[in-house]
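A.B. asks: have a look at this prediction, sequence included:
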Amino acid sequence: MILPVYAYGSPVLKKVAEVITAEYAGLSQLISDMFETMWAADGVGLAAPQIGLAIRLFVMDARVYSEEDPALKDFKKVFINAHILERTGEEELIQEGCLSIPNIHEDILRPGRIRIQYLDEDFAEHDEWYEGMVARIIQHEYDHLDGILFPELLSPLKKRLLKGKLRDISTGKITVKYRMVFPLKK
Ligand code: NI
């Protein structure tokens, strides 16, 4: 089932999300709904707060990048209770977007390499290093779990320039092809 995506300004996007257990009710259905929602919106990552749940879960599908990086040809993953343990490597400026912030894309500086510990959909433990596009998407999704959205990482000037556009997103004065929940829509 495709779920509505919560837009910028929704309080749930600012919460610090909670750890979950394997007993979390309806988890496998939720994960499959999150993939379906992400794909329908042409996203490569979706965090649970974006569908209104403040829990430490995000999904990713980076297979679209497998042309540039063949290692990504099967990269469809679920990250539960993730912890980024290390961030290293040169900082890279990469353009980011977010399904909660449609039609805005900004260059964001983040470390190029990360080590992440997480549970997959079967609650099996992983401890892995990632770089490139995957490290980038993981850091973006991981920020969602701590209530951080990419505009907050911009310079004060850039933030000021985006203010009107962000307001239009919160009030629903935008054109978007997927279903959204707008917190300030009258
Ligand atoms: Ni996002």
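C.D. replies: All right, it came through fine.

A.B. asks: please save the CA atoms from stretch 17-33 in CSV.
C.D. replies: Extracted in CSV, the C-alpha atoms of stretch 17-33 (Å, rounded to 0.1, in the frame of the first residue of the first chain):
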residue,chain,number,x,y,z
ALA,A,17,12.9,8.4,16.4
GLU,A,18,12.7,5.4,18.8
VAL,A,19,14.5,2.1,18.6
ILE,A,20,12.2,-0.8,17.7
THR,A,21,12.2,-4.6,18.5
ALA,A,22,11.4,-7.6,16.2
GLU,A,23,8.0,-7.6,17.9
TYR,A,24,7.0,-4.3,16.4
ALA,A,25,3.4,-4.9,15.1
GLY,A,26,3.1,-5.2,11.4
LEU,A,27,6.7,-4.6,10.7
SER,A,28,7.1,-6.6,7.5
GLN,A,29,4.0,-5.1,6.0
LEU,A,30,5.3,-1.6,7.0
ILE,A,31,8.6,-2.3,5.3
SER,A,32,6.9,-3.4,2.1
ASP,A,33,4.6,-0.4,2.2
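
A.B. asks: make 33 the first number, not 1, from now on.
C.D. replies: Got it, first residue is 33 now, which makes that one stretch 49-65.

A.B. asks: can you list the residues that contact it?
C.D. replies: Contacts with stretch 49-65, where a contact means CB atoms under 8 Å, 6 or more residues apart in numbering, come from 33-35, 79-81, 83, 85-89, 91, 110, 112-113, 153, 155, 176-179. Yep, even glycine has a C-beta here, placed from its N, CA and C like the rest.

A.B. asks: give me the buried entries from those residues.
C.D. replies: For the contacts of stretch 49-65, a burial check counting by 16 or more other CB atoms under 10 Å picks out 35, 79-81, 83, 85-89, 91, 110, 112-113, 153, 176-177, 179.

A.B. asks: among those, name the ones in strands.
C.D. replies: Taking DSSP state E, the ones among the buried ones among the contacts of stretch 49-65 that sit in strands are 79, 89, 91, 110, 112-113.
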